[in-house]
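[1] Requesting a structural model of the entry that follows:
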Amino acid sequence: LPYPPRVQITATMQFQACQFVFTSTRAGTEHSNNIRLGEVRFFDSNGDLLTGMISSTTNPGGTYSSSYPPSRTTDGYNGGCWSDSFGLPSTLQLAFWTPTTFAAYEFITGDTSCGTSHDPTAWQLLCKPEGSDQWGVVDQRSSVLAPTERSTTYGRFNVTLNSDPALPPPPPPVTPSPPA
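    Okay, the predicted model is just below:
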């Protein structure tokens, strides 16, 4: 993906922004000229829904109409959808009012006006830690079975803190050697 160098993500980090980079839909990567999504929600480690945390929702490099803006995914309403007709990959970027952390997220399919062939089935979730200008991989999914029902949850996705394969693994902890 054409992003700046990536940062290693840890479980204790708080994020100033996150972005979902969608790479496939039910129609596949070659036959999809757009992506559609109803809602994105985040949950804390107790499973409670986090509300009021998103300050802006954008679609950098995307193409959408005023009827299907990216803000539809974070308006708290299970109707309508965001539609990016630019093609794949497609990015949905979320900025937070204050640095935040979350343990899980979920997608809600768009309503009947959004159809089913453009539901996302593969993506990466990248987040920008507080005080950093670099993105890090928080989660990635592929071959997800999107529900065919409209305005329906995909189910919750627990954050896996996937590290970027391009980054070397963190060094092992140093174990002191016994005196000789």
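[2] distance of the residue nearest the centre of the chain from G47?
    By C-alpha atoms, centre = their mean, the chain has its centre lying nearest to F20, at 3.1 Å. Per C-beta to C-beta, to the nearest Å, F20 is found 21 Å from G47. (Glycine included, C-beta is placed from N, CA and C.)
[3] Quick check: mean pLDDT of the helix or strand encompassing V21?
    Using DSSP states H and E, V21 sits in strand 15-25. Averaging pLDDT along strand 15-25 gives 96.
[4] Now do the helix or strand following it: distance to the chain's middle.
    Counting by DSSP H and E, the next helix or strand C-terminal to strand 15-25 is strand 35-37. Computed by C-alpha atoms, centre = their mean, to the nearest Å, the separation of strand 35-37 from the middle of its chain amounts to 13 Å.
[5] quick one: buried residues of strand 35-37?
    35-37 (16 or more other C-beta atoms under 10 Å).
[6] could you pull out the strands for this structure?
    15-25, 35-37, 39-43, 49-50, 54-58, 82-84, 90-100, 104-108, 120-129, 136-141, 153-158 (DSSP state E).
[7] For F107, give me the pLDDT.
    97.
[8] So it sits against Y154, correct?
    Yes. Between F107 and Y154 there is a contact under C-beta atoms under 8 Å: 4.5 Å.
[9] on that earlier part again, ok, so of the buried residues of strand 35-37, who is nearest S67?
    R36 (11.8 Å; C-beta to C-beta).
[10] which residues touch that closest one?
    68, 81-83, 110, 114-115, 118-119 (C-beta atoms under 8 Å, 6 or more residues apart in numbering).
[11] and A122, what does it touch?
    22-24, 141-144.
[12] ah, wrong one, I meant F22
    35, 88-92, 120, 122-123 are the contacts of F22 under C-beta under 8 Å, 6+ apart.
[13] how near is C114 to E106?
    In terms of C-beta to C-beta, C114 sits 17 Å off from E106.
[14] Which one of these two is surrounded by more residues?
    C114 (22 against 15; other C-beta atoms under 10 Å).
[15] Please tell me the pLDDT value assigned to the more buried one.
    83.
[16] Highest neighbour count among the contacts of A122?
    F22 (22 neighbours).
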